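Visitor: Sequence and predicted structure, then a few things I'm wondering about:
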Amino acid sequence: MHIPDGFLTPGVAAAAAVPAAGAVAYGLRHARSRLDERRVPLLGLTAAFVFAAQMLNFPVAGGTSGHLLGAALCAVLLGPWLACVAMAVVLTAQAFLFADGGVTALGANVLNMGVIGAVGAGLGLALAVRLLPLGRTAFLALAGIAAWGAVMLGALATAIQLGLSGTVPLGVVLPPMLSVHALIGVGEAVVTVAALGAVLATRPDLVAIRPRGLAPLVVPTAVSGRAS
Amino acid sequence: MTRMRLFFALCLAVSVGLAMGLSPLASSSPDGLERVADDHGFAGQGGLHPVQQAAPVPDYAFPGIGDPRLATGLSGLAGTLAVLALGWGLVRVVRRPGG
């Protein structure tokens, strides 16, 4: 879903870059003040995994492929705001080192593939684990749905930006963007659930958003008055 | 702490393994947006930014390697390590006292 340069007008690209930059800046503040020292390497490791997984295009229908975006996965592992930073690191490296995704479109790509999915899935799942007595399986199922939803929201945002830029009418681009990403989102859900299942089985204490019963709350992702 | 290191090493090994070993087998079909852009006639509007003309590893093919699979695998290795370093370094920098 990487938008290359030339698809968006400068105005639309700038308008998308503002909330993207804001979310990443907020994430960096979290990294500075609210990240437990022993979890410092996690952001880079998660970003590295997302980069690797994004190279693995899988075929969907009719000569089209898709790959993991990873925003929902990052959000569960790191929390929504650090996830925005991790996704921005991946997308920036892709744009400048691999010429994948535009430079002027970088803000839009961070918004569409990172921020919207990370914040949407992250806040949704954080609320779910707070309100519901979720077991491991139910949590993973919800995470899969969140991952699918994150891809769909990203596709919606991309279509809107293309429409606003006058590149293609929204009514023309929206239906195919949503239908192809509905399939790609299934792959996203599968990879997200598999990766989360593996980490939850081995080191649940390192997962920022997880079912309440799964491990003692060691790491403050949420505001908690209780001592750990 | 050693268990933690072991876990991190395992995570990195999985990532490098995917990026090096599996990426040459990935589908080369256009992705969702590329497909829609092709079908609706706006793919040609996209182009590289002047800075990207100098991208060290354009199109995930490591330069100077004849075998395309090896070129892709090496780009995966390089990219995974670069992203790890960037992410780790960035967090280190923002956490520097007074930084």
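Guide: Okay, I see it.

Visitor: Which positions within the lengthiest helix in chain A qualify as buried?
Guide: The single longest helix within chain A, with elements called by DSSP state H, is helix A:170-202. The neighbour-count check on helix A:170-202 (16 or more other Cβ atoms under 10 Å in any protein chain shown) flags A:172-174, A:176-178, A:180-181, A:183-189, A:191-193, A:195-196, A:199-200 as buried. C-betas here are computed from N, CA, C, even on glycine.

Visitor: One more: stretch B:52-70?
Guide: So for stretch B:52-70, counting by 16+ other Cβ under 10 Å, buried means B:Gln52, B:Ala55, B:Val57, B:Pro58, B:Tyr60, B:Phe62.

Visitor: show me the contacts for B:Glu34.
Guide: B:Ala43 (Cβ atoms under 8 Å, 6 or more residues apart in numbering or on different chains).

Visitor: which phi and psi does it have?
Guide: Backbone torsions for B:Glu34, taken as degrees, to the nearest 10, come to phi -60, psi -40.

Visitor: For the residue nearest the centre of chain A, give me the pLDDT.
Guide: What sits nearest the mean C-alpha location of chain A, by Cα atoms, centre = their mean, is A:Ala71, with 1.1 Å. We have a pLDDT of 98 for A:Ala71.

Visitor: Just want to check the distance between it and B:Pro56.
Guide: For A:Ala71, the distance to B:Pro56 (Cβ to Cβ, to the nearest Å) stands at 26 Å.

Visitor: Where do the helices of chain A begin and end?
Guide: Under DSSP H, chain A gives helices at A:10-33, A:40-54, A:71-78, A:80-98, A:106-110, A:116-131, A:136-164, A:170-202.

Visitor: Can you tell me which of those helices is nearest to chain B?
Guide: helix A:40-54 (3.2 Å; Cβ to the nearest Cβ).

Visitor: I'd like to know which elements that closest one is packed against.
Guide: helix A:71-78, helix A:80-98, helix A:170-202, helix B:2-17, helix B:68-94 (3 or more Cβ pairs under 8 Å, 6 or more residues apart in numbering or on different chains; DSSP states H and E).

Visitor: May I see the buried residues of stretch B:30-44?
Guide: Those would be B:Pro30, B:Asp31, B:Gly32, B:Leu33, B:Glu34, B:Arg35, B:Val36, B:Ala37, B:Asp39, B:His40, B:Phe42, B:Ala43, for stretch B:30-44 by 16+ other Cβ under 10 Å.

Visitor: coming back round to it: what mean pLDDT does the longest helix of chain A have?
Guide: 97.

Visitor: gap between the residue positioned nearest the centre of chain B and chain A?
Guide: Nearest to the mean C-alpha position of chain B, by Cα atoms, centre = their mean, lies B:Gly79 at 4.0 Å. Taking Cβ to the nearest Cβ, to the nearest Å as the measure, B:Gly79 falls 6 Å from chain A.

Visitor: Ok, B:Arg69 next?
Guide: Distance from B:Arg69 to chain A, by Cβ to the nearest Cβ: 13 Å.

Visitor: What about the residue lying closest to that residue once chain neighbours are set aside, how many residues nearby?
Guide: Once flanking residues are discounted, B:Arg69 sits nearest to B:Pro24: 3.7 Å by Cβ to Cβ, 6 or more residues apart in numbering or on different chains. For B:Pro24, the count of nearby residues is 18 (other Cβ atoms under 10 Å in any protein chain shown).
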